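> When you get a sec, could you give me coordinates for this:
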Amino acid sequence: MKILLILCLFVTQAQAAKLSQETVVSAPETVDLPLKGLESSHHLDENLSSAESKSGALELRASSWQPKQLVLSSYSTSLSEFKNMGVPELGIIYNKPLNGRLNLEIGFDLLALKRTGTITSGGQQIALEQDAYLPQARIGLDYLLVDPAKAVRPYLGAAVSPTLILTKRSAVDDGISSFGFTVDGGIGTLIKLSSLLDLNLNASETLGSINSSKMENFAVASGIRVNL
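Next comes the predicted model:
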């Protein structure tokens, strides 16, 4: 009887040991995140952003430039010199990357000036005023002095501007339409405000003359550039 009990106890222990061996506690499997895929996606976004910037930028600009001396004929000898009407020269410019750091600049600027004076008619002094408009096309190049990806990007620039001088027929004169060219060169800095916007600060010197008018002068300008 004792032998039978011992055999039963031995069988029970053997079965328990077998069950403990079959029961395996599996450790949680580690999951490798697709970091390479995420990195590729990040680089793809950067490449897309770079490709978009290569499509060019549109800039709205204001400049302090005005001719040093605008000489136009008149019926009166008591007219003042042409002065700014309180609004700076305004322009819109398209900037297109050409190769690396070199960029093409095409734009249009408009400046309005005014002069005042008097004329004697029938023994009376009559006040006069005349507006002059200077529309300018602009074709130029600028060269970045640092990598285009940097947040602050100084550059050198130069441009030629076909320019008109226009006045309407009035008591001052019969109206004038004169055409000529000016050239300018300067240095500027682009400051990144966001992925789409840049601030452009520029200082330049303009040279040239149209008939008797001296177009040369120093100017500073600022603009907001929108990357397309």
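> Spit out the contact partners of the residue nearest in space to the middle of the chain.
Nearest to the mean C-alpha position of the chain, counting by C-alpha atoms, centre = their mean, stands R225 at 2.1 Å. With contact set as C-beta atoms under 8 Å, 6 or more residues apart in numbering, R225 has these partners: A57, L58, E59, N95, L190, L197, D198, L199, N200. Heads up, the C-betas are built off the backbone N, CA and C, glycines and all.
> Go through the residues you listed and flag which are in strands.
In this view, the contacts of R225 that belong to strands under DSSP state E are A57, L58, E59, N95, L190, L197, D198, L199, N200.
> Tell me the most packed of the residues you listed, by neighbour count.
Using other C-beta atoms under 10 Å as the neighbour criterion, L190 leads the ones in strands among the contacts of R225 with 25 neighbours.
> hang on, isn't that one packed against D198?
Yes: the criterion here is C-beta atoms under 8 Å, and L190 meets it with D198 at 4.9 Å.
> quick one: which of the contacts of R225 is nearest to L134?
Closest approach between the contacts of R225 and L134, by C-beta to C-beta: E59, at 19.5 Å.
> What are the boundaries of the helices in this protein?
2-22, 35-53 (DSSP state H).
> low-confidence ranges in this protein?
Across the chain, the ranges flagged by pLDDT under 70 are 1-54, 75-77.
> okay, stretch 84-93 in CSV with CA atoms only?
Output of stretch 84-93 as CSV, limited to C-alpha atoms (Å, rounded to 0.1, in the frame of the first residue of the first chain):
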residue,chain,number,x,y,z
ASN,A,84,8.0,113.7,-53.3
MET,A,85,4.2,113.8,-52.9
GLY,A,86,4.5,112.0,-49.5
VAL,A,87,4.4,108.5,-51.0
PRO,A,88,7.7,106.7,-51.6
GLU,A,89,8.5,105.0,-54.9
LEU,A,90,6.5,101.7,-54.9
GLY,A,91,7.4,98.6,-56.8
ILE,A,92,6.6,95.0,-57.5
ILE,A,93,9.4,92.6,-58.3
